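[1] Got a predicted model here, sequence first, then my questions.
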Amino acid sequence: MSVHFAAARNDRSPLARTLSHGPVPCPANDHDTTRPAIDASIRNALRAFAEHGLGTTGFARQQAVVAHARGDSDGAAYWIAVCRAFDKRAALQLERKLADPMIGSNEAVPGR
């Protein structure tokens, strides 16, 4: 005759407590089947990062200044949004700088 181990059944054991609660109502990783929407500004920032690497913030600041000097407010807003995606403080400083006519007019514009 063989001997089999039979563990004592205890209601206080961790396994018994886990099994007594039943299934989890909603799994934490139960995502929608649709693709998550990526904001256009994030997509633009990632594209700029792919092109310029760690210098993206500086490049975006420079391009925003150039666009502002040329009177292209849409272009400046685009590059400020790219800058904001990586460095919010730098983007705020740049917005203040471009909003002040005394500061923005004295800056040398690259590419001229």
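    Thanks, I have it.
[2] Do a quick rundown of the helices in this structure.
    14-20, 40-52, 56-69, 73-86, 88-99, 101-105 (DSSP state H).
[3] low-scoring stretches of the chain, by residue?
    Counting by pLDDT under 70, the ranges of the chain that qualify are 8, 22-37, 102-112.
[4] ok, back up a step: now render the helices of the chain as a markdown table, adding distance to F5.
    In this view, the C-beta of every residue, glycine as well, is placed from N, C-alpha and C. Supplementary listing: the helices of the chain in a markdown table, determined by distance: least, Cβ to Cβ, whole Å:
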| stretch | distance to F5 |
| --- | --- |
| helix 14-20 | 15 |
| helix 40-52 | 57 |
| helix 56-69 | 63 |
| helix 73-86 | 60 |
| helix 88-99 | 61 |
| helix 101-105 | 81 |
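[5] a markdown table please, covering the ones you listed and showing distance to H4 and mean neighbour count.
    A markdown table is the format used below for the helices of the chain (distance: least, Cβ to Cβ, whole Å; neighbours: other Cβ atoms under 10 Å):
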| stretch | distance to H4 | mean neighbour count |
| --- | --- | --- |
| helix 14-20 | 19 | 9 |
| helix 40-52 | 60 | 14 |
| helix 56-69 | 66 | 20 |
| helix 73-86 | 63 | 19 |
| helix 88-99 | 65 | 15 |
| helix 101-105 | 85 | 10 |
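[6] Nearest to A7, out of those helices?
    Ranking the helices of the chain by distance to A7, with Cβ to Cβ as the measure, places helix 14-20 first at 9.6 Å.
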